[in-house]
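Asks: give the three-dimensional model of this entry:
(chains A and B)
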2 protein chains.
Amino acid sequence: MGNRGSEFRIPEAAIRRLPVYLRVLEELAEDGVDVVSSAELAARVGFTPEQIRKDLAYFGAFGTRGVGYDPALLGLKIKRILGLTHEVPVALVGAGNLGTALARHNLTRHKEVRISAIFDRDWDKVGKSIGGVEILPLEDMEKEIRAQGIKMAIIAVPPGEAQAVADRLMDAGVEAILNFSPAKLQARPGTYIQNIDLMTELQALAYYTTLRTAAEG
Amino acid sequence: MGNRGSEFRIPEAAIRRLPVYLRVLEELAEDGVDVVSSAELAARVGFTPEQIRKDLAYFGAFGTRGVGYDPALLGLKIKRILGLTHEVPVALVGAGNLGTALARHNLTRHKEVRISAIFDRDWDKVGKSIGGVEILPLEDMEKEIRAQGIKMAIIAVPPGEAQAVADRLMDAGVEAILNFSPAKLQARPGTYIQNIDLMTELQALAYYTTLRTAAEG
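Replies: Residues are numbered from 1 along each chain as shown, chains lettered A, B, ... in the order given. Presented below is the predicted three-dimensional model:
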């Protein structure tokens, strides 16, 4: 953990782009592609070659100048950077509509990151399962998180409860949180909270309709 | 629509970054900021200044060289590019866990893009409302979409039904679709389908935990 302070200076956005690169690299590797140029990779992920080179340079130089990247090798390196070479257990707090959808969704993809504990304050939900994972009472959250050694959590509770849940998670040793509630949450030093807005993509979508051109006319 | 063909050559990823720029610009404008440098904007959104300049250059030059951008003005221009200067009606297909969560979420944010029609094949759900929008039977989908002039839709149905729903939406005049089902959907010429993976962000999150450093050791 000695170099953790310096690593935190790598821009969040660069870290968030790594899974995007990873997905494309894994697709290329599955298709048997041995080498991909910086320009080809850029076209596939939709960033400039400079952006990709800059992002990767934070972690050392990975390509061979004038040749390109080995998709399988670069994918593995990105997995190592992200800490995804082993299955990572994740806690989900809130088994409402969104939480249930996320837990079901998780089962169909992404073997690296696995929801392994679900908590809800509603005793009608406690004891039921989503995809084989039992919903536990919110009271047991800290105990279970410590028992499983969980360091990552997803918050899918109403906005008014989200900060209190985040505080309890951080008390129990959780270091990184994905927040799907509309509340903007405060992280503590050494912890990380990413707020997710499901509707940002919807705004970009309008570009692809004739509503846009009609509005211009 | 005469230049639509050429506009389609603008990279998807550039279009998808515009709402990210827009959110930051609107925050700056709300804070009373009159001018933001390319470097400051880059730091806030997490892309290189070159990436931002390249993205904006597709639509014309917006900044004043050596001065920067006016957040309010650039925000308005991005809204115009995206077609978000008027409220855009959106159809939601699938009122299961994810669909319900998306419809509720939409009510709390984003006045520009509004879910104005919800469809489900389950007759137990038909007639109920989410946030004041009544759930209609799937049979009425084409008729309602045409009546409202809807051009955008969200698919939140099981993967096996998603392509059939997408085909019906495109038949009814929908031009852009956000697909939350795990199925990869085929768009027709002149239409656009964006597949969303809710868990990509979760992979990036692992970076911010000590699990990563533990795995290295």
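Asks: measure stretch A:37-55 end to end?
Replies: 16 Å (CA to CA, to the nearest Å).
Asks: outside of it itself, list whatever touches it.
Replies: A:14, A:17-18, A:20-21, A:24-25, A:28, A:36, A:63, A:67-69, B:11-14, B:16, B:47-48, B:50-51, B:54 (CB atoms under 8 Å, 6 or more residues apart in numbering or on different chains). Glycine gets a C-beta too; all of them are placed from N, C-alpha and C.
Asks: which parts of chain A belong to which domain?
Replies: Under the assignment automatic domain parsing, the domains of chain A span A:2-82, A:88-200.
Asks: how about those domains in JSON lines, adding mean neighbour count and mean pLDDT?
Replies: Compiled in JSON lines, the domains of chain A are given as follows (neighbours: other CB atoms under 10 Å in any protein chain shown; pLDDT from 0 to 100):
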{"stretch": "domain A:2-82", "mean neighbour count": "17", "mean pLDDT": "83"}
{"stretch": "domain A:88-200", "mean neighbour count": "19", "mean pLDDT": "91"}
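Asks: nearest to A:Thr209, out of those?
Replies: A:Thr209 lies closest to domain A:88-200 among these, at 16.1 Å (CB to CB).
Asks: ok, that closest one near chain B or not?
Replies: Yes: applying CB under 8 Å from any CB of the partner chain, one finds domain A:88-200 in contact with chain B at A:88, A:90, A:96-98, A:100-102, A:104-106, A:108-110, A:112-113, A:151-152, A:154, A:159, A:175-178, A:182, A:191-192, A:194, A:196-200.
Asks: what about that domain, distance to the chain center?
Replies: Centroid separation for domain A:88-200 versus its chain: 13 Å, with CA atoms, centre = their mean, to the nearest Å.
Asks: start to end distance for it?
Replies: 27 Å.
Asks: CA atoms only: put stretch A:187-197 into CSV for me.
Replies: Extracted C-alpha coordinates of stretch A:187-197, given in CSV (Å, rounded to 0.1, in the frame of the first residue of the first chain):
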residue,chain,number,x,y,z
ALA,A,187,-16.3,9.6,0.5
ARG,A,188,-13.7,9.5,3.3
PRO,A,189,-10.0,9.8,2.7
GLY,A,190,-8.7,6.6,1.2
THR,A,191,-12.1,5.5,0.0
TYR,A,192,-13.8,6.0,-3.4
ILE,A,193,-17.4,6.6,-4.3
GLN,A,194,-18.6,6.7,-8.0
ASN,A,195,-22.0,8.2,-8.6
ILE,A,196,-23.8,6.6,-11.5
ASP,A,197,-26.4,8.4,-13.6
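Asks: top strand in chain A by residue count?
Replies: Secondary structure assigned by DSSP state E gives strand A:113-120 as the longest strand of chain A.
Asks: and that strand, what does it pack onto?
Replies: Using 3 or more CB pairs under 8 Å, 6 or more residues apart in numbering or on different chains; DSSP states H and E, the elements in contact with strand A:113-120 are strand A:88-93, helix A:97-108, strand A:133-137, helix A:141-148, helix B:200-205.
Asks: cheers, nothing more for now.
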